[in-house]
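# Show me the folded form of this:
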Amino acid sequence: NPPDPSFTIDTSNMIFIGTGAFQELFEKERPAIGYNCTPQKKEKKELDTEKIVDYGIKRELVGRLPILVELNPLGKKELIEILTNSDQSELNATLNALKLLNIEVENVEELVDIIAEDAINKKIGARGLVTTINKIFQEVFYEVGNNPGEYEKVIIGKNIIEDPFDFELVNTRTKKRIKVQNIKG
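So this is what the prediction gives:
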């Protein structure tokens, strides 16, 4: 409880940058389909203050952002970079957790490609990578956790996004591959 609870900061030499993923602002309108339709011209939609306000950001805040810039969406190359080289990569953290359990993931490059393609197809960008990774490895960790020391390798299948049981575990002693089945439903 200082005697003077307020203070002054000189903001004359500060730059404030606000960012966000407002994909809905930039989605293109679907062209009309059918007979007697005139094709719509593709026009570049300009980002303006009213669109941001209509989206739900307070006018008082938008008024303090004099320059509005639309960035291009992340491509596959950028998503792969985030997955593999980011300091806070959820994929690297998951692979390290498996490594601590003495389990190797055999096809990491294919897995990275699957995750990046899923993000592009779902138009979720980098925001959804963590959710996708957790979804992919949920059943793997369940099986490994219920059978400690039993497995040494996991091989993720190409359909892991649609089928969370599309993976095989290699048994430590017998070196046999075990295809995990969905017994829940």
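# Surely R59 and E50 touch.
No. Look at R59 against E50 with C-beta atoms under 8 Å: they stay out of range, at 9.4 Å. Any C-beta I mention is one placed from the backbone N, CA and C, and that applies to glycine too.
# The longest helix seen in the chain: how far from the chain's middle?
Looking across the chain with DSSP state H, the single longest helix is helix 129-146. Counting by C-alpha atoms, centre = their mean, to the nearest Å, helix 129-146 is centred 15 Å from the centre of its parent chain.
# Grab the CA positions of that helix and hand them over as CSV.
The C-alpha coordinates for helix 129-146 follow below in CSV (Å, rounded to 0.1, in the frame of the first residue of the first chain):
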residue,chain,number,x,y,z
LEU,A,129,-1.1,-27.8,-33.2
VAL,A,130,-1.1,-28.6,-29.4
THR,A,131,-4.7,-30.0,-29.6
THR,A,132,-3.8,-32.2,-32.6
ILE,A,133,-0.6,-33.5,-30.9
ASN,A,134,-2.4,-34.3,-27.7
LYS,A,135,-5.2,-36.0,-29.6
ILE,A,136,-2.6,-38.1,-31.6
PHE,A,137,-0.7,-39.3,-28.5
GLN,A,138,-3.6,-39.7,-26.0
GLU,A,139,-4.1,-43.4,-26.7
VAL,A,140,-0.4,-44.0,-27.0
PHE,A,141,0.2,-42.7,-23.5
TYR,A,142,-2.8,-44.6,-22.2
GLU,A,143,-1.4,-47.9,-23.5
VAL,A,144,2.2,-47.1,-22.5
GLY,A,145,1.1,-45.9,-19.0
ASN,A,146,-0.9,-49.1,-18.4
